[in-house]
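Trainee: Sequence below, structure please.
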Amino acid sequence: MKLAFAVLALQFLPLSYAPAECVQVYYDAVPGAATPYTYGRVHAQHLQNLLGHFPDLSQIVIPIERYEKGQLDRCRASFYLGTYFDNAVPAAFLEDFASARRRVLWAGYNLWKLRPETLERLWEVRYAGLSKLDEAKRDESGRPTFFRFYDYRGQTFEKYGDFDRKDPGRFNAAFEIVLLEPASEKARANVVSWARHNGDPERRVPYVVARGGRWFVGDSPFSFIHESDRYLIFADLLFDVLGEPPRRKPTAKKPALFRIEDVSATTPMWQLYGLVDLLERERVPFSVAMIPIWTDALDVTKSRRRFALADGEPGFKDFLSYAASRRASFIFHGVTHQYGRRRNPFSGVSGDDFEFWDRAGNRPIRGDEPERIEARLSLGLEILRGAGIRPVAWMCPHYQASGSDYRLFARRFKWNVGRVIYFPGPSGQFYPYEIFGDVYGQRLVPENVGNVQPFMNEQVLHSVTIDDMIAIVRRNSVLRDAWASFFVHPSMLEPAAKGGVASVPGDTAPLERLIAAAKQSGYEFVDLASWTSHAGAALRPEPVEVRP
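Mentor: The predicted structure is shown next:
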């Protein structure tokens, strides 16, 4: 069903209409606002993407302003993301939320519109206002403090908060949460997650409360998301709210994915063999992200400007066979991983720059037309196949492209790997588990741990050490269906003086620690070719949307 038809159909069908198994997402649209408000729809879109982990459920997306009496009881579960302060939530929604027979979750603003006695009856709590940023009380790094830590299932998740690199006077953080106070001792039994203030370790408040098929989350969790964020708590709550079991049994190993990144015909052979030999010793299947054509458009490296795979170092094809015989799966990682004869925005060299997004201008690239993108992809596939490679998935360079490109990737490739940038925005999202259809229709293998990046450079927002990644892997082990999916650039086998993590060239001890930590935390590394062939072709139904 085309979306336009779906929108009209829902607007004119009777209230009782709903697909057999559906979930509703309500958001603040704020029609008539002086400045068009898109933030609510962006958050709803992120929730839709997470719901793609449950492909049997149809999605209905509705502005809260369009709510009609009785709607909460027509689907298995409903969500309301309150992102606009003091928005005019319909009285019918407030009444139905308090009495709905189906599961409902409210996140963020406007909870104060429920009567105090209703809050006490639902969760034994009282509304106590909104938290503030504490400018007077600073942490050890000189940053303002707030409710930064979130305890859940024996682990602590953490909100992002730091000064802007380009504007040092600006502090970036989703510091605000709805403050709830327990109205009785019984309220503690309803608290699923506690928030703790990093400026006052003894101060904690309920962040997630749940009872009788109703949940409240203290904020909309899609702002400033990162690998250790409270966003992951929300992603895990979906199993409870939807009444869905995990795809993997609690006693089963969780999937892990080790990805060797940005491999081209110019990648030093000693680094490639070093990584593959490490993974063979550790009995770890792995994936290799391949760039079919390496190019240095502006001659930054003062070397030959263009190499296709077949033109690489002597023995490169031998390496590909060597890796394949040791359980390597290959990923199609762009065609040149850069854009034309220009800096976009770093150097113009393959692996550095964006290919399907004009990062310098923050807009689609010139010639961003389906026919041209299709032709470019076909060229890359032809080169890969000429080198004997049959890629099992696609991965967009730097995870960024236009919306039309993402939809093309969804049609062209059964599985995509990594993170995605969404519009309007742009706003990025990663996933703790596999997604059977985001809003572009892409099936996504997650990348949720990040990569080893021990030193700051112009391409990263913050450094990431092996210990940081180990902490993420262990923390995520309490989440249902979570992966430990990460990537490593071959250059990490260089010593620190050359930007790597090795004590001497070729030292793999730091990566051995990461692999061991994943195994000890209950993960098992997967063969991506085998996993994608057995994951099935499920794709969530086309969402139905009611316009503001």
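
Trainee: and Arg366, what is it in contact with?
Mentor: Asp358 (Cβ atoms under 8 Å, 6 or more residues apart in numbering). Every residue, glycine included, has its C-beta placed from N, CA and C.

Trainee: Try it again at 10 Å.
Mentor: Tyr339, Gly340, Asp358, Arg372 (Cβ atoms under 10 Å, 6 or more residues apart in numbering).

Trainee: Out of these, which two sit at the greatest distance?
Mentor: Farthest apart among the contacts of Arg366 by Cβ to Cβ are Asp358 and Arg372. That separation is 14.1 Å.

Trainee: Domains in the chain, by residue range?
Mentor: Here the domain parsing of the chain from automatic domain parsing is 3-245, 255-451+465-494+509-534.

Trainee: With Pro543 as the reference, name the closest of the ones you listed.
Mentor: domain 3-245 (4.1 Å).

Trainee: Redo the domains of the chain as JSON lines? Include mean pLDDT.
Mentor: Listed next are these as JSON lines, based on pLDDT from 0 to 100:
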{"stretch": "domain 3-245", "mean pLDDT": "93"}
{"stretch": "domain 255-451+465-494+509-534", "mean pLDDT": "96"}
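
Trainee: okay if I get those as JSON lines plus distance to Val544?
Mentor: Converted to JSON lines, these look like this (distance: least, Cβ to Cβ, whole Å):
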{"stretch": "domain 3-245", "distance to Val544": "4"}
{"stretch": "domain 255-451+465-494+509-534", "distance to Val544": "13"}
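
Trainee: Contacts only, for the closest residue to His197 other than its chain neighbours.
Mentor: Leaving out its chain neighbours, the residue that sits closest to His197 by Cβ to Cβ, 6 or more residues apart in numbering is Arg203, at 4.3 Å. Going by Cβ under 10 Å, 6+ apart, Arg203 touches Phe147, Ala195, Arg196, His197.

Trainee: Ranking by neighbours, what's the top pick from the contacts of Arg366?
Mentor: Tyr339 (23 neighbours; other Cβ atoms under 10 Å).

Trainee: For it, give me phi and psi.
Mentor: Dihedral pair for Tyr339: phi -130, psi 100, per degrees, to the nearest 10.

Trainee: Give the burial count for the closest residue to it other than its chain neighbours, as a bare number.
Mentor: Closest residue to Tyr339 apart from its sequence neighbours, by Cβ to Cβ, 6+ apart: Glu355 at 5.5 Å. By other Cβ under 10 Å, 25 other residues sit near Glu355.

Trainee: what's the answer for Lys519, then?
Mentor: 18.

Trainee: With the one 10 residues further on instead?
Mentor: For Ala529, the count of nearby residues is 19 (other Cβ under 10 Å).

Trainee: What separation is there between the closest residue in space to Arg443 that isn't next to it in sequence and Leu238?
Mentor: Nearest in space to Arg443, with sequence neighbours left out and distances taken as Cβ to Cβ, 6+ apart, is Trp415 at 5.1 Å. Trp415 sits 21 Å away from Leu238, going by Cβ to Cβ, to the nearest Å.

Trainee: quick one: the helices in the chain?
Mentor: 3-12, 39-51, 91-99, 116-123, 231-242, 269-281, 316-324, 370-386, 403-412, 466-476, 509-520, 528-534 (DSSP state H).

Trainee: CSV please, covering the ones you listed and showing distance to Phe330.
Mentor: Below are the helices of the chain laid out as CSV (distance: least, Cβ to Cβ, whole Å):
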stretch, distance to Phe330
helix 3-12, 34
helix 39-51, 26
helix 91-99, 49
helix 116-123, 50
helix 231-242, 29
helix 269-281, 13
helix 316-324, 8
helix 370-386, 7
helix 403-412, 16
helix 466-476, 23
helix 509-520, 20
helix 528-534, 8
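
Trainee: Could you point out which of the ones you listed sits nearest Ala189?
Mentor: Closest among these, once you apply Cβ to Cβ, is helix 116-123, at 10.0 Å.

Trainee: Against which helices or strands is that closest one packed?
Mentor: Under the contact definition 3 or more Cβ pairs under 10 Å, 6 or more residues apart in numbering; DSSP states H and E, helix 116-123 sits against helix 91-99, strand 125-130, strand 178-182, strand 200-211, strand 214-217.

Trainee: let's go with 7 Å and repeat that
Mentor: strand 125-130, strand 200-211 (3 or more Cβ pairs under 7 Å, 6 or more residues apart in numbering; DSSP states H and E).

Trainee: what's the angle between it and helix 91-99?
Mentor: 40 degrees (axes from the mean of the first three to the mean of the last three Cα atoms, to 10 degrees).

Trainee: Can I get helix 116-123 as PDB, trimmed to CA atoms?
Mentor: Written as PDB, here are the backbone C-alpha positions of helix 116-123 (Å, rounded to 0.1, in the frame of the first residue of the first chain):
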ATOM      1  CA  PRO A 116      -2.300  14.400  41.000                       C
ATOM      2  CA  GLU A 117      -4.700  11.700  42.200                       C
ATOM      3  CA  THR A 118      -4.300  10.000  38.800                       C
ATOM      4  CA  LEU A 119      -0.500   9.900  39.200                       C
ATOM      5  CA  GLU A 120      -0.800   8.500  42.700                       C
ATOM      6  CA  ARG A 121      -3.200   5.800  41.500                       C
ATOM      7  CA  LEU A 122      -1.200   4.800  38.500                       C
ATOM      8  CA  TRP A 123       2.300   4.700  40.000                       C
END
